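*Asks:* Got a sequence here, can you build the structure:
(chains A and B)
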Amino acid sequence: MAGVIHGRPLVPGAASGPALVGREPLSLWGGYDFHSGEIIDPHHPLHGRVAAGRILAIPYTKGSSTTTEVLLEAVRAGTAPAAILTTGIDSYFALASIVAEEMYGEGIPIVALSTEDFDSLRDDQWIDVAEDGRIEIHPLPR
Amino acid sequence: MTLHLSEIDRSYLDGEFGPGPRMAMRIIVRMAEVLGAEGLMDISQAHIDSTIYLGEAGLEFAERLAGYNVKVKVPTTLNVSAVDEHGWQEWDVPGDWADKARRQMIAYQGMGCIPTWTCAPYQTEHAPVFGQQIAWGESNAIVFANSVIGARTERYPDLLDICAAITGRVPAVGLHLTENRAGSVLVRLIDIPLRLQSDDSFYPVLGHALGKAAGERVPVIEGMEIRPHEDQLKALGAAAASSGSVALFHIVGITPEAPTLEAAFQGREPLRAIEVTLADLRAARSELTSAAGDELDMVVLGSPHFSVAEFQRLAPFLSGRRRHPRVELLVTTSRAMAALADKAGLLAPFRAFGGRLTVDTCILASPMLPPEIQRLMTNSAKYAYYAPGLLKTQIVFGSTQDCVESAVEGRVVRDESLWQE
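*Replies:* Below you'll find the predicted structure:
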């Protein structure tokens, strides 16, 4: 049985993929290698994991203003997450996706969740994100 | 909430000012909708962090805007580039990288920006003033402008900063508005020895702890017993904006919007209170060191960019001494600061010590370090935070004096006495 939650689509779009859930904020500059899609901040719990093509859950961005440029590079290089789920409104992720639409005709969905919904996410759940912010969560494969 | 646009905002969207300003306004309006703004507001200055060349996308964005022949509408300074424009050949920067990084520099200069090439624009003659509404990128510059100067900027991401400079308009949200500048987390310093509070290395360590504790909230520090100088506040902010999302802090009795505790919180109650003890600072200090052992290849200072005052404080440690032949000393700074330091007679002893200078950029923004440089030492929490991830190097955090002693000895030497009970 799939669970359903609803978020606010900051940048609407549809995407599907396995979840990669980080409980700590992340700076993509110094934190995300856009050549590989790997998380490279040794201070972060997701260090060493590859986020490309996954539904990346990160509460909010921290650190460098260059985070947006890194995400834009990742979208162009095809190494971006399939979608990003946050708590609250993260202007850095949203901006990168908006500029990607402006430059390349396509960004990635960015959806803001309530803290409770965010906390319920688990690694490797299969997640379907819909245009309207509806999120279907399929349990872990057996 | 509905977004109300002025007539001029609409004429930007209609393309009356051309395709570049139209694109910039379209991005700003979409962000205003995301942020739930009721309208846009004017800014009178900007600082552009999008100058750092990372790859094709950032360059394509800059060259698209430049290709539309846009000009910035307000005085606009430029952050670091990804090369030392005239000095990159002395280092390991690939020629292809330098070419593209310079194209990005040319694109932003062509838009009428001031080629300051520094992450410390608040230490130039272009610094904003108290209460001024500005749109700044670069995390350390944002937190300094808000906290130390009392100018007002949101935490602008790369790419939005230049859109704001082109249109002179931003969403009227966040730290532009008085009510959002109130403190929300109280940070009490508990029994921190005065001797430590007076030392430069206290500030980056406190900043590192502060960023982790405050996250994206506005912290208010109580219990500072000395009046920190500008470079100490700069180090504090840069650290807090690396380990966290701090865009504004208050220090009671010191920063301009915090004459009293009540003023810092605008009469509201703190959401929570945190105590910072010497033990917490020791833990924060050790987090800033990733290297084990005492081997050392390079000492690097200047993130944020070194100021003239920092050159001056460095000078007595260098005087009459020379670095160990196996260990480099590198200082990263701006062209303007290097010129001022030279005029002040501070570069001759620095060069006699065996120090090298890089301007326009830094070791994090430019692929300049040769592969044999694997073990770094720094007095900067920002370098200490980012080097292991970005450069895959190991790093040791120490005081300025520790850094110089280590460069002379050829191995890591740290004075632990300040950090003991």
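*Asks:* All the helices of chain A, residue numbers only.
*Replies:* With DSSP state H as the criterion, chain A has helices at A:67-77, A:91-104, A:115-120.
*Asks:* Pull out the buried positions in the longest one.
*Replies:* When neighbours are counted by 16 or more other Cβ atoms under 10 Å in any protein chain shown, the buried residues of helix A:91-104 are found to be A:91-103. Where you see a C-beta, it was placed from the backbone N, CA and C, and this is true even at glycine.
*Asks:* tell me, which of those residues make contact with chain B?
*Replies:* Subset of the buried residues of helix A:91-104 in contact with chain B: A:91-92, A:94-96, A:98-99, A:102-103, counting by Cβ under 8 Å from any Cβ of the partner chain.
*Asks:* List just the nearest of those residues to B:A338.
*Replies:* The nearest member of these to B:A338, counting by Cβ to Cβ, is A:Y92 at 31.8 Å.
*Asks:* How about the contacts made by that closest one?
*Replies:* Contacts for A:Y92 (Cβ atoms under 8 Å, 6 or more residues apart in numbering or on different chains) come out as A:28, A:61, A:65, A:67-68, A:71, B:157.
*Asks:* Pick the one among those residues closest to B:G244.
*Replies:* Out of the contacts of A:Y92, the member with the shortest distance to B:G244 (by Cβ to Cβ) is A:T61, at 10.7 Å.
*Asks:* so what's the closest one bridging to?
*Replies:* Beta bridges link A:T61 to A:L26, judged by DSSP bridges.
*Asks:* list the contacts for it?
*Replies:* Contacts for A:T61 were tallied using Cβ under 8 Å, 6+ apart; they are A:25-28, A:67, A:90, A:92-93, B:245.
*Asks:* rewinding a little: show me which pair in the contacts of A:Y92 is furthest apart.
*Replies:* For these, the farthest-apart pair by Cβ to Cβ is A:S65 and A:L71; their separation is 12.0 Å.
*Asks:* quick one on the thing from earlier: just give me the closest of the ones next to chain B among the buried residues of helix A:91-104 to B:A239.
*Replies:* Of all these, A:Y92 has the smallest distance to B:A239: 19.5 Å, by Cβ to Cβ.
*Asks:* re the thing from before, the helices of chain A: which one's closest to A:A52?
*Replies:* Using Cβ to Cβ, the helices of chain A put helix A:67-77 closest to A:A52, at 7.5 Å.
*Asks:* and the closest one, what other elements does it pack with?
*Replies:* Judged by 3 or more Cβ pairs under 8 Å, 6 or more residues apart in numbering or on different chains; DSSP states H and E, helix A:67-77 is in contact with strand A:32-33, helix A:91-104, helix B:56-67.
*Asks:* Let's see that with 7 Å instead.
*Replies:* Packing partners of helix A:67-77 (3 or more Cβ pairs under 7 Å, 6 or more residues apart in numbering or on different chains; DSSP states H and E): helix A:91-104, helix B:56-67.
*Asks:* what's the closest of those helices to B:P228?
*Replies:* Of all the helices and strands packed on helix A:67-77, it is helix A:91-104 that lies closest to B:P228, at 29.2 Å by Cβ to Cβ.
*Asks:* Report the angle between that closest one and helix B:56-67.
*Replies:* Counting by axes from the mean of the first three to the mean of the last three Cα atoms, to 10 degrees, helix A:91-104 lies at 70 degrees to helix B:56-67.
*Asks:* which ones are touching residue 32?
*Replies:* Went with chain A since none was named. Residues near A:Y32 by Cβ atoms under 7 Å, 6 or more residues apart in numbering or on different chains: A:39-40, A:70, A:74.
*Asks:* actually chain B
*Replies:* Applying Cβ under 7 Å, 6+ apart, we find B:A32 in contact with B:3, B:40, B:171.
*Asks:* Please produce a markdown table containing the residues you listed, extended by distance to B:A387, pLDDT and secondary structure.
*Replies:* Below are the contacts of B:A32 laid out as a markdown table (distance: Cβ to Cβ, whole Å; pLDDT from 0 to 100; DSSP: H, G, I helix; E, B strand; the rest coil):
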| residue | distance to B:A387 | pLDDT | secondary structure |
| --- | --- | --- | --- |
| B:L3 | 41 | 96 | coil |
| B:L40 | 38 | 98 | strand |
| B:P171 | 34 | 98 | strand |
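*Asks:* Pick the one among these closest to B:C119.
*Replies:* Of all the contacts of B:A32, B:C119 sits closest to B:P171, with 24.3 Å by Cβ to Cβ.
*Asks:* tell me which parts of chain B are close to chain A?
*Replies:* Counting by Cβ under 7 Å from any Cβ of the partner chain, chain B comes close to chain A at B:23, B:27, B:30-31, B:34-35, B:49-50, B:52, B:54-58, B:60-61, B:137-139, B:156-160, B:215-216, B:241-242, B:244-245, B:290, B:386, B:388-390.
*Asks:* Buried among these? Need that as a selection in PyMOL.
*Replies:* If you want just the buried ones from those in PyMOL, going by 16+ other Cβ under 10 Å, the selection is:
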select buried, chain B and resi 23+27+30+31+34+35+49+50+52+54+55+57+58+60+61+137+138+139+156+157+158+159+160+215+216+241+242+244+245+290+386+388+389+390
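*Asks:* re the thing from before, quick one: the contacts of A:Y32 as JSON lines, columns for pLDDT too.
*Replies:* Shown next, in JSON lines, are those (pLDDT from 0 to 100):
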{"residue": "A:I39", "pLDDT": "98"}
{"residue": "A:I40", "pLDDT": "97"}
{"residue": "A:V70", "pLDDT": "97"}
{"residue": "A:A74", "pLDDT": "98"}
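*Asks:* of these, buried ones?
*Replies:* For these, a burial check counting by 16+ other Cβ under 10 Å picks out A:39-40, A:70, A:74.
*Asks:* Quick one: name the residues of chain A near chain B.
*Replies:* Residues of chain A lying close to chain B (Cβ under 7 Å from any Cβ) are A:10, A:25, A:30-31, A:34, A:40-42, A:60-70, A:72-73, A:76, A:89, A:91-92, A:94-95, A:98-99, A:102-103.
*Asks:* that older thread, of the helices of chain A, which approaches B:G211 most closely?
*Replies:* Proximity to B:G211 (Cβ to Cβ) singles out helix A:67-77 among the helices of chain A, at 14.9 Å.
*Asks:* ok, and what's touching that closest one?
*Replies:* The contact list for helix A:67-77, computed with Cβ under 7 Å, 6+ apart, reads A:27-29, A:32, A:34-35, A:37, A:61, A:80, A:92-93, A:95-96, A:99-100, A:104, A:107-108, B:50, B:54-58, B:157-159.
*Asks:* distance between that helix and the chain's centre?
*Replies:* On the basis of Cα atoms, centre = their mean, to the nearest Å, helix A:67-77 sits 12 Å off its chain's mean C-alpha point.
*Asks:* Any buried residues in that helix, and which?
*Replies:* Buried residues in helix A:67-77, defined by neighbour count with 16+ other Cβ under 10 Å: A:67-77.
*Asks:* Flag every buried residue along stretch B:128-141.
*Replies:* So stretch B:128-141, judged by 16+ other Cβ under 10 Å, has buried residues B:128, B:132-141.
*Asks:* ah, wrong one, I meant stretch A:5-19
*Replies:* Of the residues in stretch A:5-19, A:5, A:7-13, A:15, A:17-19 count as buried by neighbour count, 16+ other Cβ under 10 Å.
*Asks:* Identify the residue spatially nearest to residue 30, adjacent ones excluded.
*Replies:* In the absence of a named chain, chain A is used. Closest residue in space to A:G30, ignoring its immediate chain neighbours: B:Y386 at 4.1 Å, by Cβ to Cβ, 6 or more residues apart in numbering or on different chains.
*Asks:* you looked at the wrong chain, it should be chain B
*Replies:* Using Cβ to Cβ, 6+ apart, the closest residue to B:R30 is A:I98 (5.0 Å).
*Asks:* pretty sure that neighbour is touching B:I28, no?
*Replies:* No: using Cβ atoms under 7 Å, A:I98 is not in contact with B:I28, being 9.9 Å away.
*Asks:* What residues does the residue positioned nearest the centre of chain A make contact with?
*Replies:* The centroid of chain A falls nearest to A:I84 when counting by Cα atoms, centre = their mean (1.9 Å). When contacts are counted by Cβ under 7 Å, 6+ apart, A:I84 touches A:56, A:58, A:93, A:108, A:110.
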